[in-house]
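> One predicted model, sequence on top.
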Amino acid sequence: MIEVSRRVHAGPDAVWRVLADGWTYPSWVVGASRMRAVDPAWPRAGAALHHSAGAWPLLLSDSTSVVEAVPQRRLVLQARGWPVGEARVDIRLDPDPAGCVVTIVEDATHGVGRLVPARARQLLLGARNTETLHRLALLAEAHGHPSDDGDAAGGEPDLHAC
């Protein structure tokens, strides 16, 4: 499992609003290029987002479904991107005096992604999720309370394998 964390200068409620708006998914998830549909129940367990990844004309269409949702605290997703495979993505929001710390724990669960050596998966997913958290922070901070020091990015992310 690959874990990346970032301090966000917005509270868990502001971050959750971004996560709960399925139409924003391609705005913060690196690799997602467009939304095709959002289940009305999103982000409740069992609901799905229908998205595409890649660039035209090489778009792959698949879905991401909610495994578990605890509003303002945790969102666990099963992200599909066949033919590459599937991944479990656990997004946690922990309150912090400056806003919250958002952590993404992710790893491949099915498909050829599981065949990629663990160290290579760590490097690829770590870099991807570092940028994903940067984008998520920008969206949440736009509607939360931005940092007084002008650093909307929230500082350097922490990256480690678990």
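Arrived safely, thanks for sending. Since this is a predicted model, take the numbers as computed values, not measurements.

> pLDDT weak spots in the protein?
The model of the chain has pLDDT under 70 over residues 144-162.

> Run through the helices of it in chain order.
12-20, 25-28, 118-143 (DSSP state H).

> List the buried residues in the last one.
Buried residues in helix 118-143, counted by 16 or more other Cβ atoms under 10 Å: 121-122, 125-126, 128-130, 132-141. (C-beta placed from N, C-alpha, C; glycine too.)

> The shortest one now?
Neighbour-count burial for helix 25-28 flags Tyr25, Pro26, Trp28 (criterion: 16+ other Cβ under 10 Å).

> so how far is Ala142 from the last one?
In this case it means Trp28. Distance, Trp28 to Ala142, by Cβ to Cβ, to the nearest Å: 12 Å.

> again with the first one
Counting by Cβ to Cβ, the gap between Tyr25 and Ala142 amounts to 16 Å.

> And for the second one?
Taken as Cβ to Cβ, the spacing of Pro26 relative to Ala142 amounts to 16 Å.

> and what of Arg88?
28 Å.

> Please apply the same query to Val29.
Taking Cβ to Cβ, one finds Val29 at 17 Å from Ala142.

> ok, now Trp42?
Distance from Trp42 to Ala142, by Cβ to Cβ: 21 Å.

> With Ser61 instead?
Applying Cβ to Cβ, the value for Ser61 to Ala142 is 29 Å.

> Could you do Ile91 as well?
As judged by Cβ to Cβ, Ile91 and Ala142 stand 18 Å apart.

> Repeat that for Pro97.
Noted for Pro97: a distance of 20 Å to Ala142, by Cβ to Cβ.

> Ok, Ala108 next?
Distance, Ala108 to Ala142, by Cβ to Cβ: 32 Å.

> I am finished for the moment; much appreciated.
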